[in-house]
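A.B. asks: structure, please.
(one chain, ligands or ions: 1)
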Amino acid sequence: MAQARTAGGMLLLSSRNDAAAAWEAALAEVPKLAVAVQTAASDGGSRGGAVGSKGVLRRTLEALPPFPLDKLLLAAGHTSAVQGHAEREDGHGAELWRAYLLLSFLAHAYMWCEPGPPPALLPAVLAVPWARLSAAVGMPPILTYATYNLYNWRRLDPTGPVQLGNIVCLHNFLGGPDEEWFRLVHVDIEARAGPAVAGLPRLQQAAAQDDAPSVLAGLHAVSSALQQMQGTLSRMGEKCDPYIYYQRVRTPMSGWRNNPDLPQGLIYEGVSDKPLQLYGETGAQSSVLHAFDAALGVQHEQVWLRDYLDTMVAHMPPPHRAFLATLAAANSNSNTTTAAAEAAGSSCAGGDSGAGQGRQQPAVANVRSYVLGAGGAGGGELRDAYNEAIAEMEKFRSQHKAFAYNYIARWAKREATGTGGSDFMPALTGYRDTTHQHLLVPP
Ligand code: HEM
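C.D. replies: Reported below is the predicted structural model:
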(Lines give C-alpha, C1' and ligand atoms only; values in the text may rest on other atoms or scores of the structure.)
Protein backbone atom coordinates (compact mmCIF):
# COMPACT_ATOMS: atom_id res chain seq x y z
CA MET A 1 0.00 0.00 0.00
CA ALA A 2 1.22 3.47 -0.75
CA GLN A 3 -0.07 6.09 1.61
CA ALA A 4 2.96 8.35 1.22
CA ARG A 5 2.56 8.40 -2.52
CA THR A 6 -1.05 9.46 -2.47
CA ALA A 7 -0.90 12.01 0.28
CA GLY A 8 2.35 13.44 -1.03
CA GLY A 9 1.12 13.34 -4.62
CA MET A 10 -1.93 15.40 -3.72
CA LEU A 11 0.24 18.29 -2.62
CA LEU A 12 2.56 17.93 -5.57
CA LEU A 13 -0.23 18.12 -8.16
CA SER A 14 -2.02 21.05 -6.54
CA SER A 15 1.10 23.09 -6.26
CA ARG A 16 2.20 22.44 -9.83
CA ASN A 17 0.01 25.05 -11.56
CA ASP A 18 -3.47 26.57 -11.66
CA ALA A 19 -4.85 23.91 -13.99
CA ALA A 20 -3.71 21.12 -11.68
CA ALA A 21 -5.21 22.96 -8.74
CA ALA A 22 -8.54 23.24 -10.58
CA TRP A 23 -8.60 19.47 -11.15
CA GLU A 24 -7.76 18.77 -7.51
CA ALA A 25 -10.51 21.17 -6.44
CA ALA A 26 -13.01 19.37 -8.67
CA LEU A 27 -12.13 16.05 -7.05
CA ALA A 28 -12.73 17.50 -3.59
CA GLU A 29 -16.05 18.93 -4.80
CA VAL A 30 -17.50 15.72 -6.28
CA PRO A 31 -19.70 14.75 -3.27
CA LYS A 32 -21.15 18.28 -3.17
CA LEU A 33 -21.82 18.42 -6.91
CA ALA A 34 -23.43 14.98 -6.83
CA VAL A 35 -25.89 16.14 -4.19
CA ALA A 36 -26.54 19.40 -6.03
CA VAL A 37 -27.49 17.44 -9.16
CA GLN A 38 -29.91 15.25 -7.30
CA THR A 39 -31.54 18.24 -5.62
CA ALA A 40 -32.00 19.94 -8.97
CA ALA A 41 -33.61 16.81 -10.40
CA SER A 42 -36.02 16.41 -7.51
CA ASP A 43 -36.97 20.07 -7.86
CA GLY A 44 -37.84 19.46 -11.50
CA GLY A 45 -34.73 21.36 -12.54
CA SER A 46 -32.47 20.86 -15.51
CA ARG A 47 -31.98 17.12 -14.93
CA GLY A 48 -34.60 15.03 -16.60
CA GLY A 49 -32.67 11.79 -16.26
CA ALA A 50 -32.56 11.24 -20.04
CA VAL A 51 -29.57 9.65 -21.74
CA GLY A 52 -26.79 12.21 -22.15
CA SER A 53 -28.44 14.91 -20.04
CA LYS A 54 -26.06 17.07 -18.07
CA GLY A 55 -26.41 18.43 -14.57
CA VAL A 56 -24.03 20.61 -12.64
CA LEU A 57 -21.54 17.82 -12.00
CA ARG A 58 -21.05 16.89 -15.65
CA ARG A 59 -21.06 20.53 -16.75
CA THR A 60 -18.43 21.44 -14.13
CA LEU A 61 -16.14 18.63 -15.20
CA GLU A 62 -16.51 19.46 -18.89
CA ALA A 63 -15.55 23.08 -18.16
CA LEU A 64 -12.22 22.15 -16.52
CA PRO A 65 -9.07 23.53 -18.19
CA PRO A 66 -7.05 21.01 -20.23
CA PHE A 67 -5.35 18.62 -17.83
CA PRO A 68 -1.63 19.59 -17.59
CA LEU A 69 -0.58 16.20 -18.83
CA ASP A 70 2.50 16.97 -20.88
CA LYS A 71 4.11 18.92 -18.05
CA LEU A 72 3.37 16.05 -15.71
CA LEU A 73 4.79 13.42 -18.03
CA LEU A 74 7.87 15.53 -18.66
CA ALA A 75 8.36 16.04 -14.96
CA ALA A 76 7.89 12.37 -14.14
CA GLY A 77 11.60 11.68 -14.56
CA HIS A 78 12.47 14.37 -12.07
CA THR A 79 9.68 13.28 -9.74
CA SER A 80 10.92 9.73 -9.90
CA ALA A 81 14.26 10.80 -8.55
CA VAL A 82 12.62 12.67 -5.69
CA GLN A 83 10.08 9.94 -4.97
CA GLY A 84 12.64 7.17 -5.17
CA HIS A 85 10.57 4.64 -3.29
CA ALA A 86 7.49 5.17 -5.43
CA GLU A 87 9.58 4.89 -8.58
CA ARG A 88 11.06 1.57 -7.51
CA GLU A 89 7.77 0.18 -6.30
CA ASP A 90 5.67 0.98 -9.34
CA GLY A 91 8.15 1.78 -12.06
CA HIS A 92 6.54 5.23 -12.37
CA GLY A 93 6.43 8.44 -10.45
CA ALA A 94 4.11 9.18 -7.57
CA GLU A 95 2.64 12.13 -9.42
CA LEU A 96 1.57 9.98 -12.35
CA TRP A 97 -0.24 7.64 -9.97
CA ARG A 98 -1.81 10.58 -8.21
CA ALA A 99 -3.03 11.94 -11.55
CA TYR A 100 -4.29 8.50 -12.61
CA LEU A 101 -6.29 8.25 -9.35
CA LEU A 102 -7.69 11.75 -9.84
CA LEU A 103 -8.80 11.09 -13.41
CA SER A 104 -10.26 7.72 -12.44
CA PHE A 105 -12.43 9.29 -9.75
CA LEU A 106 -13.55 12.19 -11.92
CA ALA A 107 -14.34 9.97 -14.92
CA HIS A 108 -16.42 7.61 -12.78
CA ALA A 109 -18.13 10.56 -11.10
CA TYR A 110 -18.98 11.90 -14.57
CA MET A 111 -20.41 8.54 -15.58
CA TRP A 112 -22.28 7.48 -12.46
CA CYS A 113 -22.87 10.34 -10.00
CA GLU A 114 -25.75 11.95 -11.84
CA PRO A 115 -29.16 10.30 -11.79
CA GLY A 116 -30.54 8.63 -14.88
CA PRO A 117 -28.88 6.45 -17.51
CA PRO A 118 -25.13 6.98 -18.03
CA PRO A 119 -23.86 8.69 -21.19
CA ALA A 120 -22.43 6.54 -23.98
CA LEU A 121 -19.45 8.86 -24.45
CA LEU A 122 -16.82 10.14 -22.05
CA PRO A 123 -15.75 13.63 -23.21
CA ALA A 124 -12.20 14.18 -24.41
CA VAL A 125 -11.32 16.55 -21.56
CA LEU A 126 -11.45 13.49 -19.27
CA ALA A 127 -10.92 10.60 -21.67
CA VAL A 128 -7.67 11.71 -23.33
CA PRO A 129 -5.56 12.44 -20.22
CA TRP A 130 -7.03 9.40 -18.45
CA ALA A 131 -6.08 7.06 -21.29
CA ARG A 132 -2.57 8.50 -21.55
CA LEU A 133 -2.00 8.35 -17.81
CA SER A 134 -3.28 4.78 -17.67
CA ALA A 135 -0.76 3.81 -20.31
CA ALA A 136 1.99 5.65 -18.41
CA VAL A 137 1.37 3.73 -15.18
CA GLY A 138 0.63 0.42 -16.92
CA MET A 139 -3.03 0.21 -15.89
CA PRO A 140 -6.36 0.09 -17.77
CA PRO A 141 -8.38 3.35 -18.07
CA ILE A 142 -10.97 2.38 -15.46
CA LEU A 143 -11.38 2.72 -11.69
CA THR A 144 -9.42 -0.09 -10.07
CA TYR A 145 -9.02 -1.57 -6.60
CA ALA A 146 -5.65 0.21 -6.42
CA THR A 147 -7.07 3.70 -6.99
CA TYR A 148 -10.32 3.10 -5.09
CA ASN A 149 -8.76 1.45 -2.02
CA LEU A 150 -5.02 0.90 -1.93
CA TYR A 151 -3.89 4.45 -2.73
CA ASN A 152 -6.86 6.25 -1.24
CA TRP A 153 -6.38 6.42 2.53
CA ARG A 154 -4.33 8.06 5.24
CA ARG A 155 -3.70 7.55 8.94
CA LEU A 156 -5.18 9.92 11.52
CA ASP A 157 -2.22 9.35 13.79
CA PRO A 158 0.71 8.93 11.38
CA THR A 159 2.60 6.91 13.97
CA GLY A 160 -0.37 4.64 14.72
CA PRO A 161 -1.33 1.33 13.09
CA VAL A 162 -3.07 0.86 9.76
CA GLN A 163 -6.37 -0.31 11.13
CA LEU A 164 -10.00 0.73 11.43
CA GLY A 165 -10.18 3.64 13.84
CA ASN A 166 -6.92 5.15 12.64
CA ILE A 167 -7.56 5.33 8.90
CA VAL A 168 -9.75 7.57 6.76
CA CYS A 169 -10.31 7.86 3.01
CA LEU A 170 -8.72 10.58 0.92
CA HIS A 171 -11.57 10.77 -1.61
CA ASN A 172 -15.19 9.76 -1.94
CA PHE A 173 -17.87 9.80 -4.60
CA LEU A 174 -21.00 10.58 -2.62
CA GLY A 175 -19.33 10.37 0.78
CA GLY A 176 -20.96 9.40 4.05
CA PRO A 177 -20.12 6.68 6.57
CA ASP A 178 -21.31 3.75 4.42
CA GLU A 179 -19.01 4.52 1.49
CA GLU A 180 -16.10 5.46 3.75
CA TRP A 181 -16.44 2.31 5.87
CA PHE A 182 -16.88 -0.02 2.89
CA ARG A 183 -13.54 1.14 1.54
CA LEU A 184 -11.73 1.22 4.89
CA VAL A 185 -12.73 -2.37 5.66
CA HIS A 186 -10.83 -3.35 2.51
CA VAL A 187 -7.79 -1.31 3.59
CA ASP A 188 -7.80 -2.93 7.04
CA ILE A 189 -8.08 -6.37 5.42
CA GLU A 190 -5.07 -5.61 3.23
CA ALA A 191 -3.12 -4.61 6.33
CA ARG A 192 -4.11 -7.82 8.15
CA ALA A 193 -3.03 -9.88 5.13
CA GLY A 194 0.21 -8.00 4.47
CA PRO A 195 2.70 -9.88 6.66
CA ALA A 196 1.51 -13.30 5.49
CA VAL A 197 1.56 -12.22 1.83
CA ALA A 198 5.08 -10.84 2.24
CA GLY A 199 6.11 -14.21 3.71
CA LEU A 200 4.93 -16.30 0.74
CA PRO A 201 8.22 -16.27 -1.22
CA ARG A 202 9.97 -17.45 1.95
CA LEU A 203 7.36 -20.21 2.30
CA GLN A 204 8.14 -21.44 -1.20
CA GLN A 205 11.85 -21.24 -0.50
CA ALA A 206 11.42 -23.24 2.72
CA ALA A 207 9.62 -25.94 0.74
CA ALA A 208 12.55 -26.07 -1.72
CA GLN A 209 15.01 -26.40 1.15
CA ASP A 210 12.98 -29.10 2.92
CA ASP A 211 12.82 -26.73 5.88
CA ALA A 212 9.64 -28.10 7.49
CA PRO A 213 9.55 -25.73 10.52
CA SER A 214 9.63 -22.70 8.21
CA VAL A 215 6.96 -24.20 5.96
CA LEU A 216 4.80 -24.74 9.05
CA ALA A 217 5.40 -21.17 10.18
CA GLY A 218 4.47 -19.81 6.73
CA LEU A 219 1.27 -21.88 6.61
CA HIS A 220 0.28 -20.80 10.13
CA ALA A 221 0.84 -17.17 9.12
CA VAL A 222 -1.57 -17.62 6.20
CA SER A 223 -4.22 -19.17 8.49
CA SER A 224 -3.80 -16.42 11.06
CA ALA A 225 -4.08 -13.69 8.41
CA LEU A 226 -7.26 -15.24 7.00
CA GLN A 227 -8.78 -15.42 10.49
CA GLN A 228 -8.03 -11.75 11.05
CA MET A 229 -9.42 -10.90 7.61
CA GLN A 230 -12.68 -12.66 8.53
CA GLY A 231 -12.75 -10.66 11.76
CA THR A 232 -12.51 -7.41 9.83
CA LEU A 233 -15.01 -8.45 7.15
CA SER A 234 -17.53 -9.37 9.87
CA ARG A 235 -17.49 -5.68 10.87
CA MET A 236 -18.74 -4.46 7.47
CA GLY A 237 -22.30 -4.01 8.77
CA GLU A 238 -21.23 -1.74 11.65
CA LYS A 239 -21.20 1.31 9.39
CA CYS A 240 -22.01 0.13 5.88
CA ASP A 241 -25.71 -0.63 5.55
CA PRO A 242 -26.61 -3.22 2.87
CA TYR A 243 -29.42 -1.13 1.38
CA ILE A 244 -27.35 2.06 1.24
CA TYR A 245 -24.52 0.05 -0.29
CA TYR A 246 -26.80 -1.37 -2.96
CA GLN A 247 -28.50 1.93 -3.75
CA ARG A 248 -25.58 4.33 -3.51
CA VAL A 249 -22.13 3.02 -2.70
CA ARG A 250 -21.72 0.44 -5.45
CA THR A 251 -22.88 2.41 -8.50
CA PRO A 252 -19.82 4.67 -9.01
CA MET A 253 -17.54 1.62 -8.98
CA SER A 254 -19.29 0.16 -12.02
CA GLY A 255 -17.55 -0.42 -15.30
CA TRP A 256 -18.72 -0.82 -18.87
CA ARG A 257 -18.26 -4.47 -19.61
CA ASN A 258 -21.06 -6.92 -18.96
CA ASN A 259 -23.04 -3.98 -17.59
CA PRO A 260 -26.66 -3.84 -18.79
CA ASP A 261 -26.61 -0.03 -18.41
CA LEU A 262 -23.86 0.23 -21.04
CA PRO A 263 -24.23 -2.91 -23.14
CA GLN A 264 -22.00 -1.57 -25.95
CA GLY A 265 -19.31 -0.21 -23.63
CA LEU A 266 -18.11 3.39 -23.54
CA ILE A 267 -16.63 5.64 -26.22
CA TYR A 268 -13.56 7.51 -24.98
CA GLU A 269 -13.76 10.67 -27.09
CA GLY A 270 -10.44 11.50 -28.74
CA VAL A 271 -9.09 8.06 -27.88
CA SER A 272 -11.17 5.53 -29.78
CA ASP A 273 -14.30 5.69 -31.94
CA LYS A 274 -15.07 2.12 -30.94
CA PRO A 275 -16.56 1.70 -27.48
CA LEU A 276 -14.20 0.19 -24.90
CA GLN A 277 -15.52 -2.54 -22.63
CA LEU A 278 -13.83 -2.68 -19.23
CA TYR A 279 -14.81 -4.28 -15.93
CA GLY A 280 -15.34 -1.98 -12.95
CA GLU A 281 -13.69 -1.94 -9.54
CA THR A 282 -13.99 -5.06 -7.38
CA GLY A 283 -12.23 -6.83 -4.51
CA ALA A 284 -11.30 -9.48 -7.08
CA GLN A 285 -8.53 -7.03 -8.07
CA SER A 286 -6.90 -7.32 -4.64
CA SER A 287 -3.78 -9.45 -4.95
CA VAL A 288 -4.26 -11.08 -1.52
CA LEU A 289 -6.52 -14.03 -2.38
CA HIS A 290 -4.73 -14.48 -5.72
CA ALA A 291 -1.43 -14.70 -3.81
CA PHE A 292 -2.78 -17.23 -1.29
CA ASP A 293 -4.25 -19.30 -4.14
CA ALA A 294 -0.92 -19.29 -5.94
CA ALA A 295 1.19 -20.10 -2.87
CA LEU A 296 -1.10 -22.94 -1.74
CA GLY A 297 -1.50 -24.31 -5.26
CA VAL A 298 -5.26 -23.66 -5.43
CA GLN A 299 -6.18 -23.86 -9.10
CA HIS A 300 -9.56 -22.78 -10.40
CA GLU A 301 -9.99 -25.37 -13.13
CA GLN A 302 -13.27 -24.11 -14.56
CA VAL A 303 -12.27 -21.93 -17.48
CA TRP A 304 -14.77 -19.11 -16.90
CA LEU A 305 -13.74 -18.76 -13.23
CA ARG A 306 -10.04 -18.83 -14.03
CA ASP A 307 -10.42 -16.42 -16.96
CA TYR A 308 -12.24 -13.88 -14.80
CA LEU A 309 -9.53 -13.92 -12.11
CA ASP A 310 -6.83 -13.69 -14.80
CA THR A 311 -8.56 -10.62 -16.22
CA MET A 312 -8.66 -9.10 -12.74
CA VAL A 313 -4.87 -9.51 -12.48
CA ALA A 314 -4.57 -7.16 -15.46
CA HIS A 315 -6.29 -4.49 -13.29
CA MET A 316 -3.56 -4.67 -10.62
CA PRO A 317 -0.47 -2.45 -10.37
CA PRO A 318 2.43 -3.92 -12.38
CA PRO A 319 4.46 -4.96 -9.28
CA HIS A 320 1.48 -6.92 -7.94
CA ARG A 321 1.18 -8.74 -11.26
CA ALA A 322 4.88 -9.53 -11.20
CA PHE A 323 4.68 -10.82 -7.65
CA LEU A 324 1.79 -13.15 -8.53
CA ALA A 325 3.65 -14.40 -11.59
CA THR A 326 6.62 -15.20 -9.37
CA LEU A 327 4.48 -17.20 -6.95
CA ALA A 328 2.66 -19.04 -9.74
CA ALA A 329 5.88 -19.96 -11.52
CA ALA A 330 6.98 -22.02 -8.52
CA ASN A 331 3.95 -24.25 -9.11
CA SER A 332 4.71 -24.98 -12.74
CA ASN A 333 7.37 -27.42 -11.63
CA SER A 334 6.84 -29.82 -8.74
CA ASN A 335 10.61 -29.77 -8.23
CA THR A 336 12.51 -26.76 -7.06
CA THR A 337 13.14 -23.92 -9.47
CA THR A 338 15.13 -20.74 -9.42
CA ALA A 339 13.62 -19.39 -12.62
CA ALA A 340 10.40 -18.63 -10.79
CA ALA A 341 11.88 -16.02 -8.56
CA GLU A 342 13.58 -14.41 -11.52
CA ALA A 343 10.40 -14.19 -13.55
CA ALA A 344 9.32 -10.79 -12.44
CA GLY A 345 11.69 -9.23 -10.06
CA SER A 346 9.72 -7.38 -7.41
CA SER A 347 7.12 -7.89 -4.73
CA CYS A 348 3.89 -6.06 -3.96
CA ALA A 349 4.08 -6.78 -0.29
CA GLY A 350 7.34 -5.52 1.01
CA GLY A 351 9.58 -8.00 -0.75
CA ASP A 352 13.02 -7.12 -1.98
CA SER A 353 12.45 -4.63 -4.75
CA GLY A 354 15.91 -5.25 -6.13
CA ALA A 355 15.13 -8.90 -6.83
CA GLY A 356 15.69 -10.36 -10.24
CA GLN A 357 18.34 -7.89 -11.30
CA GLY A 358 21.21 -10.20 -11.99
CA ARG A 359 21.34 -11.85 -8.57
CA GLN A 360 20.77 -15.58 -8.26
CA GLN A 361 17.45 -16.16 -6.49
CA PRO A 362 16.93 -18.79 -3.83
CA ALA A 363 15.25 -21.94 -5.13
CA VAL A 364 11.50 -22.11 -4.64
CA ALA A 365 9.08 -25.03 -4.75
CA ASN A 366 5.43 -25.90 -5.05
CA VAL A 367 4.24 -25.90 -1.42
CA ARG A 368 1.30 -28.21 -2.06
CA SER A 369 3.52 -30.80 -3.75
CA TYR A 370 5.99 -30.54 -0.89
CA VAL A 371 3.31 -31.15 1.74
CA LEU A 372 1.86 -34.01 -0.31
CA GLY A 373 5.25 -35.65 -0.51
CA ALA A 374 6.19 -35.25 3.14
CA GLY A 375 5.97 -38.51 5.06
CA GLY A 376 5.98 -39.59 8.72
CA ALA A 377 4.70 -37.66 11.72
CA GLY A 378 6.16 -34.44 10.33
CA GLY A 379 4.16 -35.01 7.17
CA GLY A 380 0.93 -35.20 9.17
CA GLU A 381 1.71 -31.92 10.90
CA LEU A 382 2.43 -30.24 7.58
CA ARG A 383 -0.78 -31.61 6.07
CA ASP A 384 -2.80 -30.33 9.05
CA ALA A 385 -1.27 -26.87 8.73
CA TYR A 386 -1.88 -26.83 4.98
CA ASN A 387 -5.48 -27.96 5.46
CA GLU A 388 -6.04 -25.33 8.12
CA ALA A 389 -4.91 -22.63 5.69
CA ILE A 390 -7.20 -24.02 2.96
CA ALA A 391 -10.10 -24.25 5.42
CA GLU A 392 -9.62 -20.64 6.52
CA MET A 393 -9.56 -19.53 2.90
CA GLU A 394 -12.78 -21.46 2.29
CA LYS A 395 -14.32 -19.78 5.35
CA PHE A 396 -13.31 -16.34 4.11
CA ARG A 397 -14.81 -17.08 0.68
CA SER A 398 -17.97 -18.44 2.27
CA GLN A 399 -18.38 -15.41 4.51
CA HIS A 400 -17.65 -13.10 1.59
CA LYS A 401 -20.27 -14.83 -0.58
CA ALA A 402 -22.86 -14.21 2.16
CA PHE A 403 -21.94 -10.51 2.07
CA ALA A 404 -22.33 -10.43 -1.71
CA TYR A 405 -25.81 -11.91 -1.31
CA ASN A 406 -26.84 -9.55 1.50
CA TYR A 407 -25.44 -6.42 -0.08
CA ILE A 408 -26.37 -7.05 -3.73
CA ALA A 409 -28.29 -10.14 -4.79
CA ARG A 410 -31.19 -9.82 -2.37
CA TRP A 411 -31.98 -6.27 -3.50
CA ALA A 412 -31.62 -6.86 -7.23
CA LYS A 413 -34.84 -6.82 -9.22
CA ARG A 414 -33.17 -8.12 -12.35
CA GLU A 415 -30.26 -10.49 -12.58
CA ALA A 416 -27.37 -8.62 -10.98
CA THR A 417 -23.75 -8.50 -12.00
CA GLY A 418 -21.05 -7.33 -9.60
CA THR A 419 -19.35 -3.96 -9.99
CA GLY A 420 -16.56 -6.08 -11.45
CA GLY A 421 -19.06 -7.32 -14.04
CA SER A 422 -19.23 -10.97 -13.02
CA ASP A 423 -22.23 -13.27 -12.72
CA PHE A 424 -21.18 -13.24 -9.13
CA MET A 425 -23.29 -15.68 -7.11
CA PRO A 426 -22.33 -18.76 -9.18
CA ALA A 427 -18.79 -17.42 -9.46
CA LEU A 428 -18.30 -16.90 -5.73
CA THR A 429 -19.79 -20.36 -5.08
CA GLY A 430 -17.32 -21.78 -7.59
CA TYR A 431 -14.29 -20.10 -5.97
CA ARG A 432 -15.34 -21.33 -2.54
CA ASP A 433 -15.99 -24.89 -3.71
CA THR A 434 -12.73 -25.11 -5.61
CA THR A 435 -10.90 -24.01 -2.48
CA HIS A 436 -12.63 -26.77 -0.50
CA GLN A 437 -11.59 -29.36 -3.07
CA HIS A 438 -7.94 -28.63 -2.30
CA LEU A 439 -8.14 -30.06 1.23
CA LEU A 440 -5.70 -32.97 1.46
CA VAL A 441 -7.05 -36.27 2.69
CA PRO A 442 -4.80 -38.35 4.96
CA PRO A 443 -3.02 -41.20 3.08
C1 HEM B 1 -20.16 -5.77 1.28
C2 HEM B 1 -18.97 -6.23 0.97
C3 HEM B 1 -18.63 -6.88 -0.34
C4 HEM B 1 -19.40 -7.17 -1.43
C5 HEM B 1 -20.87 -6.88 -1.61
C6 HEM B 1 -18.55 -7.81 -2.40
C7 HEM B 1 -18.97 -8.22 -3.65
C8 HEM B 1 -18.19 -8.94 -4.54
C9 HEM B 1 -18.63 -9.40 -5.82
C10 HEM B 1 -20.01 -9.15 -6.41
C11 HEM B 1 -17.62 -10.07 -6.39
C12 HEM B 1 -17.58 -10.74 -7.77
C13 HEM B 1 -16.80 -9.91 -8.74
C14 HEM B 1 -17.61 -8.72 -9.23
O15 HEM B 1 -18.33 -8.86 -10.22
O16 HEM B 1 -17.52 -7.63 -8.63
C17 HEM B 1 -16.53 -10.04 -5.48
C18 HEM B 1 -15.32 -10.67 -5.69
C19 HEM B 1 -14.30 -10.66 -4.78
N20 HEM B 1 -14.22 -9.89 -3.65
FE21 HEM B 1 -15.75 -8.88 -2.78
N22 HEM B 1 -17.29 -7.91 -1.89
C23 HEM B 1 -17.29 -7.35 -0.65
C24 HEM B 1 -16.20 -7.19 0.17
C25 HEM B 1 -14.95 -7.68 -0.10
C26 HEM B 1 -13.81 -7.49 0.74
C27 HEM B 1 -13.77 -6.69 2.04
C28 HEM B 1 -12.78 -8.14 0.15
C29 HEM B 1 -11.36 -8.19 0.67
C30 HEM B 1 -10.32 -7.89 -0.06
C31 HEM B 1 -13.26 -8.74 -1.06
C32 HEM B 1 -12.53 -9.52 -1.93
C33 HEM B 1 -13.02 -10.14 -3.06
C34 HEM B 1 -12.29 -11.11 -3.84
C35 HEM B 1 -10.90 -11.64 -3.53
C36 HEM B 1 -13.10 -11.46 -4.91
C37 HEM B 1 -12.78 -12.50 -6.00
C38 HEM B 1 -13.44 -13.82 -5.69
C39 HEM B 1 -12.57 -14.74 -4.86
O40 HEM B 1 -11.35 -14.79 -5.04
O41 HEM B 1 -13.15 -15.48 -4.03
N42 HEM B 1 -14.58 -8.42 -1.19
N43 HEM B 1 -16.89 -9.33 -4.37
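
A.B. asks: is the helix ranked longest in the chain anywhere near the ligand?
C.D. replies: When the chain is parsed with DSSP state H, its longest helix is helix 376-404. Yes. Contact between helix 376-404 and the ligand is present through R397, H400, F403, A404 (criterion: C-beta under 6 Å from any ligand atom). The way it works is simple: take the backbone N, C-alpha and C, and place the C-beta from them, glycine included.

A.B. asks: helix/strand/coil for the closest residue to the ligand within the chain?
C.D. replies: The ligand sits closest to G418 of the chain, with a gap of 2.1 Å, by C-beta to the nearest ligand atom. What DSSP: H, G, I helix; E, B strand; the rest coil gives for G418 is coil.

A.B. asks: what of the one 4 residues further on?
C.D. replies: Secondary structure assignment for S422 (three-state DSSP): coil.

A.B. asks: could you list the domains of the chain?
C.D. replies: The chain breaks down into these domains under automatic domain parsing: 3-141, 174-436.

A.B. asks: mind putting those in a markdown table, mean neighbour count included?
C.D. replies: Listed next are the domains of the chain as a markdown table, based on neighbours: other C-beta atoms under 10 Å:
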| stretch | mean neighbour count |
| --- | --- |
| domain 3-141 | 19 |
| domain 174-436 | 19 |
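
A.B. asks: including mean pLDDT, could these go into a markdown table?
C.D. replies: Shown next, in a markdown table, are the domains of the chain (pLDDT from 0 to 100):
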| stretch | mean pLDDT |
| --- | --- |
| domain 3-141 | 78 |
| domain 174-436 | 90 |
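
A.B. asks: export these to CSV and tack on distance to G165?
C.D. replies: Below are the domains of the chain laid out as CSV (distance: least, C-beta to C-beta, whole Å):
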stretch, distance to G165
domain 3-141, 16
domain 174-436, 9
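
A.B. asks: got the residues of the stretch 201-350 of the chain near the ligand?
C.D. replies: So the stretch 201-350 of the chain meets the ligand at L233, M236, Y245, T282, G283, A284, S286, V288, L289 (C-beta under 6 Å from any ligand atom).

A.B. asks: distance to T311 added to the residues you listed, as CSV?
C.D. replies: Formatted as CSV, those follow (distance: C-beta to C-beta, whole Å):
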residue, distance to T311
L233, 24
M236, 25
Y245, 24
T282, 11
G283, 14
A284, 9
S286, 14
V288, 17
L289, 15
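
A.B. asks: out of these, which one sits closest to A124?
C.D. replies: When these are compared for distance to A124 (C-beta to C-beta), T282 wins out at 27.5 Å.

A.B. asks: and the nearest residue to the closest one once chain neighbours are set aside, how close does it get to R414?
C.D. replies: In space, T282 comes closest to G420 once its chain neighbours are excluded; the distance is 2.7 Å by C-beta to C-beta, 6 or more residues apart in numbering. For G420, the distance to R414 (C-beta to C-beta, to the nearest Å) stands at 18 Å.

A.B. asks: same deal with H171?
C.D. replies: 30 Å.

A.B. asks: one more: Q209?
C.D. replies: Q209 sits 54 Å away from R414, going by C-beta to C-beta.

A.B. asks: can you check Y110 too?
C.D. replies: According to C-beta to C-beta, Y110 stands 25 Å off from R414.
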